[in-house]
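Q: got a sequence here, can you build the structure:
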Amino acid sequence: MSSKKLLFGFMPVPLIWGYIAIAIFMAGDGFEVAFLSKYITNLGFSPEQASNVFTVYGLTAALAAWGSGVIAEIMKPQRSMLLGLMIWIVMHILFMTLGLGLGNYWFMLLFYGIRGFGYPLFIYSFIVLIIHNVPENKISTTMGWFWAAYSVGLGTIGGWLPSETNVLIGMDGTLWLSLAWVAFGGFLGLFALRHVKIDEAKARLPFKEKLAELSLTVTMLYKNKYIFMTGLIRVINTVPLFGVAIFMPLYLEGDPNHNLPGFGFSNAEWQQIWAVFLTITIFTNVFWGIMGDYIGWLRQVRWVGCFCGIISCLSFYYIPLYFGHNYWMAMVPALLLGITVAAFVPLTAVCTTLEPNHQGAAISIYNLAASLSQCVAAAVISIVIRPLGIEGIVWVYSGLYVFAGILTYFIKVNQPKMQRKLKTA
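A: Down below sits the predicted model:
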């Protein structure tokens, strides 16, 4: 690709439209994040049952993410994006009509769970296009922009807009509106990226060899211990992010049916707090993506992501506890998490650098870890909320960050830009 077609010297121009499509797609996908657990409990189901819906969704999303990198390479990214989009649209309609519409818990689990296969195939296939079209020493920077687009959708649009539409058209109407956003973003991306190319060697492999390539998503986990440890860190990275989306509406707003008194916050106030968090990550993803290329990938993950992240986790419980219904103080944990959670951006670059000859499989493992994060977050809530309450949940999340910080000391990876600096020093 000629330099005339590159933006900022490293980003192919068609990818810009891909970022925009990701933002729109994730806005629709994220409309429900901050209120679906409350919606389900309002139907008469328990917090544990609401968490179970998210747990099943997280498991299926993890399975889709696990194979997404390799699938994108062996069937071409645009085709796997189309597959993911179709799954999302069909299953969302069934979830709305037969699950929530009928108040049928098992249909909720089934269709929301199957919908979980959709978004990983769509957005993570786009990552394959990024990896194949930018220089190696700019992967962290470019992934920072990817997660910024993700946050624009999930946070700025997906967070703020539902706080208004829930009042105007109700939660049910907002969930139908999400379908339109996902469809528009999905087809925009497919149109804009139709001519973006990758090395199609793996797409031309015989079926048997494609299966062998797919099997790397399993064998790489035990053959490359550094990939395995990086995957564990990526799982832990966003556990608090998904966790607070589930338990904070119950904690701040209260749920007398389940012995949660709350602090007098409205659902609109919580959604605005959630939107502030995700809006902050637009900027912090870009910032830490760039900084990671300069100060060191794992050094940044260790100190900013893990050890500073402990403070952000605990603040979600203790700040409301001490300040009560104080809207501005409730913003503080959101701001802190927005800064720390984005510091893990360089982990994509760590994975692909550790396995330069099998980047699709490495991305698949990274994507598996990213999706397992949501599952782990929900599972911890299901197990811990009854015996230990919200306080126990945030301490478990903090303990996971301690573990992740320790793991960074055992991973050995050669960061390209850092290595060049050492050679010229």
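Q: so which elements touch the one helix or strand Ser51 maps to?
A: Using DSSP states H and E, Ser51 sits in helix 47-75. When contacts are defined as 3 or more C-beta pairs under 8 Å, 6 or more residues apart in numbering; DSSP states H and E, helix 47-75 sits against helix 36-42, helix 77-94, helix 113-115, helix 118-131, helix 207-223, helix 239-253, helix 359-407. Using the backbone N, CA and C atoms, a C-beta is placed for each residue, glycine as well.
Q: how far off centre is it?
A: When C-alpha coordinates are averaged (C-alpha atoms, centre = their mean, to the nearest Å), helix 47-75 and its chain have centres 11 Å apart.
Q: pretty sure Thr238 contacts Ala343?
A: No - judged on C-beta atoms under 8 Å, Thr238 makes no contact with Ala343 at a distance of 11.7 Å.
Q: more crowded one of those two?
A: Ala343 (25 against 20; other C-beta atoms under 10 Å).
Q: got the contact list for the more buried one?
A: By C-beta atoms under 8 Å, 6 or more residues apart in numbering, Ala343 lies in contact with 284, 288, 292, 300-301, 304-305, 308-309.
Q: and which of those residues is nearest Tyr327?
A: Tyr327 lies nearest to Thr284 out of the contacts of Ala343, by C-beta to C-beta, at 21.9 Å.
Q: ok, the closest one to Tyr294 distance?
A: Note on Thr284: its distance to Tyr294, by C-beta to C-beta, to the nearest Å, is 15 Å.
Q: so for these two, which residue has more residues nearby?
A: Thr284 (24 against 13).
Q: give the other helices and strands that the one helix or strand that one maps to contacts.
A: With elements taken from DSSP H and E, the one containing Thr284 is helix 267-295. Here helix 267-295 touches helix 139-151, helix 158-168, helix 239-253, helix 297-300, helix 327-340, going by 3+ C-beta pairs under 8 Å, 6+ apart.
Q: nearest to Phe403, of these?
A: Here helix 239-253 is closest among the helices and strands packed on helix 267-295 (C-beta to C-beta), at 11.0 Å.
Q: what mean pLDDT does the closest one get?
A: Averaged across helix 239-253, pLDDT comes to 90.
Q: give me the helices and strands touching that helix, please.
A: Packing partners of helix 239-253 (3+ C-beta pairs under 8 Å, 6+ apart): helix 36-42, helix 47-75, helix 267-295, helix 308-323, helix 327-340, helix 359-407.
Q: please identify the buried residues of the fourth one?
A: Going back to what we said before, that points to helix 308-323. 308-310, 312-317, 319-320 (16 or more other C-beta atoms under 10 Å).
Q: check the second one too.
A: Residues of helix 47-75 classed as buried under the neighbour-count rule (16+ other C-beta under 10 Å) are 47, 49-75.
Q: let's have the helices and strands packed on helix 239-253 in a markdown table, adding distance to Asn166.
A: Shown next, in a markdown table, are those (distance: least, C-beta to C-beta, whole Å):
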| stretch | distance to Asn166 |
| --- | --- |
| helix 36-42 | 9 |
| helix 47-75 | 17 |
| helix 267-295 | 7 |
| helix 308-323 | 21 |
| helix 327-340 | 18 |
| helix 359-407 | 22 |
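Q: residue contacts, the closest residue in space to Phe277 that isn't next to it in sequence?
A: Nearest residue to Phe277, sequence neighbours excluded (C-beta to C-beta, 6 or more residues apart in numbering): Ala334, at 3.6 Å. For Ala334, the contacting residues are 273-274, 276-277, 280, by C-beta under 8 Å, 6+ apart.
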